[in-house]
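Student: sequence plus the predicted model coming up.
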Amino acid sequence: MKKTLALLLSLALVLLLMVGCSSNTPVQGSKDEPGDVVEVVGENEGAAAKMGLGVITSIAKSKDADDNNTLALGQVDTVMVAASFDQEGKVVSITIDNAQTRVNFDADLKVTNDKAAEIKTKIELGDAYGMINASEIGKEWYQQIDELENWMVGKTVAEIKAMNVKEVDASHPAVPDVPELTSLVTISIQDYVAALEKAFANAIEVEGAEKLGLGHVVSIGKSKDYSVDADGNETLPLAQVDTVMAATAFDTDGKVVGTIIDNAQTRINFDAEGKVTSDKAAEFKTKIELGDAYGMINASEIGKEWYQQIAELEKWMVGKTVAEIKAMNVKEVDDSHPAVPDVPELTSLVTISVQDYIASVEEAFTNAK
């Protein structure tokens, strides 16, 4: 009996030592054999840790009026990229769009567009953009940009910038030249990559981001006709395009976990003959990029610049749903300020009109992926 008990105790001790010494325990329910090393993957690996908004604006395609019946044209191309990144800087989600906005003038330098009309981006135009008719691969712009976005996911900005490209012609200096994209993307991508790089540089930290969206509101309402008043004072033609955009991240409950709102307010000036007087090759900055140089603080009753006020609005939105944001009390100050925040948290911090910023965040939620 004593021998049997001693034997049992010895076996129990051996088993205990075997279990204690094993550091390569397989995951419960796995098919790993004893002794196999099992890598435990962190729950947040690959999750969005940061999000950013990048913008590139050009007026290079604007045209002078001339004697050959070419009418004056102000064209603003604003490329915008909303992107989220994981802890390693790899793209988790990305949306690229282009607001290609034209302000047309007649022979008398009067704006012929409907200034109140809705202006759509290339993604919103979809098949109506009409690039497919000239596409050698039979794909519309939105289809090609979708393929480019898919290729970017999982890569760092450095890896994306290292993509091989080829110059097809002067209008297409950087077309993808990698096997995965040659039959899918024939558009030139330099501005999209540059805007992504800006998005990464401008990225803010977010926690709990499940989806990311890009929203925008585009207006030409402040463009001006050429005119001369009774005293002979001229108002010169102006093509002004305001492209409001919001890159916004949402959690599983649809609450904002981070948002970046900006406005590319781009002016193209013409002389009395319809010649563009703005520098077509200039860098055009958004209101956030302009910072103190935007100059709103001089007229601000609360002594805050535009970028400071929009930062306060963004902070107020965090933790709220779109419905809660839209339910904000606002007040009309004047015709130019029909929707100024009228809530205690913001009355001393935000005096700008917020209707387009809220609309952009709402669209970002609708478009989130």
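Tutor: Structure's in. What do you need?
Student: C-alpha only now, for contacts and for neighbours.
Tutor: Fine.
Student: beta partners of the spatially most central residue of the chain?
Tutor: Centroid-nearest residue in the chain: Ala82, 2.9 Å away (criterion: Cα atoms, centre = their mean). Assessed by DSSP bridges, Ala82 has beta-bridge partners Leu53, Thr95.
Student: tell me where the chain has strands.
Tutor: Counting by DSSP state E, the chain has strands at residues 50-58, 73-85, 91-104, 165-166, 175-176, 204-205, 211-219, 227-228, 234-235, 238-250, 256-269, 330-331, 340-341.
Student: I'd like the mean pLDDT over the fifth one, please.
Tutor: When pLDDT is averaged along strand 175-176, the result is 97.
Student: cool, and the fourth one?
Tutor: The pLDDT scores in strand 165-166 average 96.
Student: also the second one?
Tutor: Per-residue pLDDT over strand 73-85 has a mean of 98.
Student: just the CA coordinates of that strand, formatted as CSV?
Tutor: The C-alpha trace of strand 73-85 is given here as CSV (Å, rounded to 0.1, in the frame of the first residue of the first chain):
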residue,chain,number,x,y,z
LEU,A,73,-12.7,79.9,-66.9
GLY,A,74,-11.8,79.6,-63.3
GLN,A,75,-11.1,75.9,-62.5
VAL,A,76,-10.2,74.7,-59.0
ASP,A,77,-9.1,71.1,-58.5
THR,A,78,-9.0,70.2,-54.8
VAL,A,79,-7.8,66.7,-54.0
MET,A,80,-8.7,65.5,-50.5
VAL,A,81,-7.7,62.4,-48.7
ALA,A,82,-9.1,61.0,-45.5
ALA,A,83,-7.0,58.2,-44.1
SER,A,84,-6.5,56.3,-40.8
PHE,A,85,-3.3,54.6,-39.8
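Student: now it: how far from the chain's centre is it?
Tutor: Distance of strand 73-85 from the chain centroid (Cα atoms, centre = their mean, to the nearest Å) equals 8 Å.
Student: just checking, what packs against it?
Tutor: Judged by 3 or more Cα pairs under 8 Å, 6 or more residues apart in numbering; DSSP states H and E, strand 73-85 is in contact with strand 50-58, strand 91-104, helix 190-201, strand 211-219, strand 238-250, strand 256-269.
Student: the same query, at a cut-off of 6 Å, please.
Tutor: On a contact count with 3 or more Cα pairs under 6 Å, 6 or more residues apart in numbering; DSSP states H and E, strand 73-85 meets strand 50-58, strand 91-104.
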